[in-house]
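>>> with the sequence up front, the predicted model follows.
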Amino acid sequence: MSASNSLPELNMPAPVGGPRSLRLGDTGADRLFRWTVTAAGLFVLVSLAAAALSMLWGGREAFQTFGWGFFTSTEWDPVQRQFGALVPIVGTLVSAAIAMIIAVPVSFGIALYLTEVAPAWLRTPVGAAVELLAGIPSIIYGMWGLFVLAPFLAEHVYPWVDANMGQWPVVGALFSGPPLGLGMLTAGLVLGIMVIPFISSVMREVFLTVPTPLKESSYALGSTTLEVAWDVVLPYTRSAVIGGIFLGLGRALGETMAVTFVLGNAHQLSMSLLMPGNSIAAGIANEFSEADSPIYLSSLIALGFVLFIVTFVVLAIAKLMLMQLQRKEGR
Amino acid sequence: MNLPPARLALSVLTLSGLLLVTACRRDGEASTAGPAEQGAPAAQSRGERVAAEITGAGATFIYPLLSQWSDDYHKATGNKINYQSIGSGGGIAQIKAGTVDFGSTDKPLPPEELAAAGLGQFPSAIGGVVPVVNVEGIAAGKLRLTGALLADIFLGKVTLWNDPAIVALNPGVTLPASKINVVHRSDGSGTTFNFVNYLGKVSPEWKQKVGEGTSVPWPGGIGGKGNEGVAAYVKQIKGSIGYVELAYALQNNMAHAALQNAAGNFVQPNAASFQAAAATADWANATDFNLVITNAPGAEAWPITATNFILMYKQPKDVKRSRQALEFFQWALDNGQAQAAALDYVPLPPALVQQIKAYWASELKF
């Protein structure tokens, strides 16, 4: 109603001199705008709460039956109907951690290269290529991991890792095991490659926002490119960079298809990164269609809720660390 | 069927989705054009149009055969079958919810459960599960295993290929001193059900420690998703052993193992040994065909032979559609056995076919 009222007034000559006076139609339109964007904002909260609550509701039978033991038990026995989520929880966290160890430095390198080092004519095509990589469906990464990466690792890399790194003190147990080619390390590698485009394209965007005078003055004072990157670009963009890393981390935690292909899908807890494991998302994808008892189904839905909590906790911890960092800097 | 490593299941899902969409569209077109063209015969064409809507859901095991059948049936009669291969568990759930005209499962339901839901059950096709190995120097069918030994391997008790127990069964075969890598299904599956059902029958320890079901707590090994997943893993991992349906072993040129059956003979998995198992199984005394034909007694019987079952309501809500679904299976029993053989399934033995028809006449009379 307000919109139709204000339409004819558009043809009127603009008031000359003095501030424009607010008319009733304007406040109505403004109120409509406020309501619309508030609804959009609320939509996020509502869908978040709805998703979490419906999974909690669906998993209530599992939580009631197994209690806290659901989080600490490694048993996953569809025959005896005993379910515990520790193996998938550990698998999710470990594979995502490996992915971040690989993805963060590489993404950092890509973004710095594209903004500081690469010749101007190369920046746009490589930048576009990175964004194209982000658009590749995860199943493609999974198949590549299974048919190309895993045999290569099993043949040429893991035997060496097992023979050499397996003897290292303390961390040796992480790297000893049969060279199957599938397992936690392979899953982490594939995940890392998958999230690199996400993190690096965010990093590239924010590095471009650093004001040129800041960098130029630093160069003028005799800084090297490395010093400019480390002491000017990174501090200026730190919180946005960490935001980009969160984005990649969230994706690594919830990735399903690619992980299912290369993780080995075994409900066993193992110290070795070369051994197969399971992740929450892969477990649900594998077992949901044939979950033949109510408690089995409920346990899988409960797993979904656990993934929710795990993601929330990991991101909350990261956010807290960021706040602490900013406090130290006195911002 | 010739892209085993690809995500067959996924493409199958997409395909069935597409089929559904096109079926619906055709239907819409027909309903607008139909009655306007002719007067009296319109009613007839409308009747046929309803027949085009037969829907089923369930086991992936039977999907290649059912889609072949429905294609041929469509050519022969104009009727269409939409089958969604969502897994046995899904098939049971969907037919119980009444959303499909028939369900399909690799694990027979016990008569009590059928009676409680008002369902009838009959076999549709027979196939087999075969152990496949990837050991250097061992060709298809050359490795001989017993059921108990197979159970010990999957229990993780026999861990090396040159274990004395394996060597003793295979004189003249050079076995490496490498580790046995076990590959199993990561998703719930009728293939797994038949495989572990057999292991439970031949190994008391398996029965007690692991049990049987469409998914079980595996003592070790790695899990591949679907037959194609297990096939891909076994092909890639040296010294591995897994289990797949025969068709997947043949398409992927994998080395299967010969197994010792209940009669004590070593047999190769093929149509003849599957048929021998089906023929010697005690169908006559199985109420509602509730029989898993693993470890069948016949001299030439393959020990891990599997049956797929169809579930239908005894008193369906939509009598017409159920009748049409039954007509389809009748047609499949009479005309569809050559296609079954071509796709590495086994035609049902004649005695069993007679028994199924008698069952339809007495139990599914609508």
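Perfect, thanks for sending it. Keep in mind the model is a prediction, meaning the values are calculated, not measured.
>>> and for the residue of chain A found nearest chain B, the neighbour number?
Nearest residue of chain A to chain B: A:E290, at 2.4 Å (CB to the nearest CB). Bear in mind the C-beta positions are built from the backbone N, C-alpha and C, glycine included. A:E290: 27 surrounding residues under other CB atoms under 10 Å in any protein chain shown.
>>> find the nearest non-adjacent residue to it, please.
B:G188 (2.4 Å; CB to CB, 6 or more residues apart in numbering or on different chains).
>>> who touches that neighbour in this structure?
A:78, A:287, A:289-292, B:87-89, B:213-215 (CB atoms under 8 Å, 6 or more residues apart in numbering or on different chains).
>>> cool, and A:V195?
A:99-100, A:103, A:248-249, A:251-252.
>>> residue boundaries of the strands in the stretch 151-300 of chain B?
B:181-185, B:222-224, B:240-245, B:255-256, B:258-260, B:266-267 (DSSP state E, counting those that start in this stretch).
>>> do you know which of the ones you listed lies nearest A:G91?
Closest of the strands of the stretch 151-300 of chain B to A:G91 is strand B:222-224, at 12.2 Å (criterion: CB to CB).
>>> what residues does that closest one touch?
A:180, A:182-183, A:264-266, A:276, A:286, B:181-187, B:229-233, B:237, B:242.
>>> buried only: go through the residues you listed for me.
The neighbour count (16 or more other CB atoms under 10 Å in any protein chain shown) marks A:180, A:182-183, A:264-266, A:276, A:286, B:181-187, B:229-233, B:237, B:242 as buried among the contacts of strand B:222-224.
>>> what about residue 142, how many neighbours?
I went with chain A, as the question did not name one. 23.
>>> nope, chain B
Neighbour tally, B:K142, other CB under 10 Å: 16.
>>> how near is it to B:G239?
Distance of B:K142 to B:G239, computed by CB to CB, to the nearest Å: 16 Å.
>>> what does residue 254 show for phi and psi?
You didn't say which chain, so I picked chain A. Main-chain torsions, A:G254, degrees, to the nearest 10: phi -100, psi 0.
>>> that's the wrong chain, I wanted chain B
Per-residue torsions, B:M254: phi -90, psi 150 (degrees, to the nearest 10).
>>> cool, and the one 3 residues further on?
For B:A257, the backbone dihedrals (degrees, to the nearest 10) come out as phi -110, psi 150.
>>> wait, what's in contact with it?
Counted by CB under 8 Å, 6+ apart, B:A257 has contacts B:130-133, B:141, B:143-145, B:241.
>>> at 10 Å what do you get?
Contact analysis of B:A257 by CB atoms under 10 Å, 6 or more residues apart in numbering or on different chains lists B:130-133, B:135, B:138, B:140-145, B:149-150, B:170, B:241, B:243, B:266, B:268-269.
>>> A:E290 too?
Contacts of A:E290 (CB under 10 Å, 6+ apart): A:78, A:296, B:59-60, B:86-92, B:185, B:187-190, B:192-193, B:213-215.
>>> can you rerun that using 8 Å?
B:87-90, B:187-189, B:214-215 are the contacts of A:E290 under CB under 8 Å, 6+ apart.
>>> out of those, what pair is the most spread apart?
Farthest apart among those - using CB to CB - are B:G90 and B:S215, which lie 13.6 Å from each other.
>>> next structured bit after the helix or strand bottoming out on mean pLDDT in chain A?
Taking mean pLDDT, DSSP states H and E as the measure, chain A has helix A:2-6 as its least confident helix or strand, at a mean of 44. Scanning forward in sequence from helix A:2-6 by DSSP states H and E, the next helix or strand is helix A:24-58.
>>> is that following helix up against chain B anywhere?
No. Judged by CB under 8 Å from any CB of the partner chain, helix A:24-58 makes no contact with chain B; its nearest approach is 15.1 Å.
>>> tally of neighbours for residue 267?
Here I'm looking at chain A. A:H267, neighbours per other CB under 10 Å, totals 25.
>>> switch to chain B, please.
Neighbours of B:V267 under the rule other CB under 10 Å: 22.
>>> check B:P350 too.
9.
>>> any figure for the gap between B:S240 and chain A?
8 Å (CB to the nearest CB, to the nearest Å).
>>> correction: B:G190
Distance from B:G190 to chain A, by CB to the nearest CB: 9 Å.
>>> for residue 256, list the residues it contacts.
No chain was given, so I picked chain A. A:T256 touches A:138, A:281-282, A:284-285, counting by CB under 8 Å, 6+ apart.
>>> that's the wrong chain, I wanted chain B
By CB under 8 Å, 6+ apart, the neighbours of B:H256 are B:130-133, B:140-141, B:246, B:249, B:268-269.
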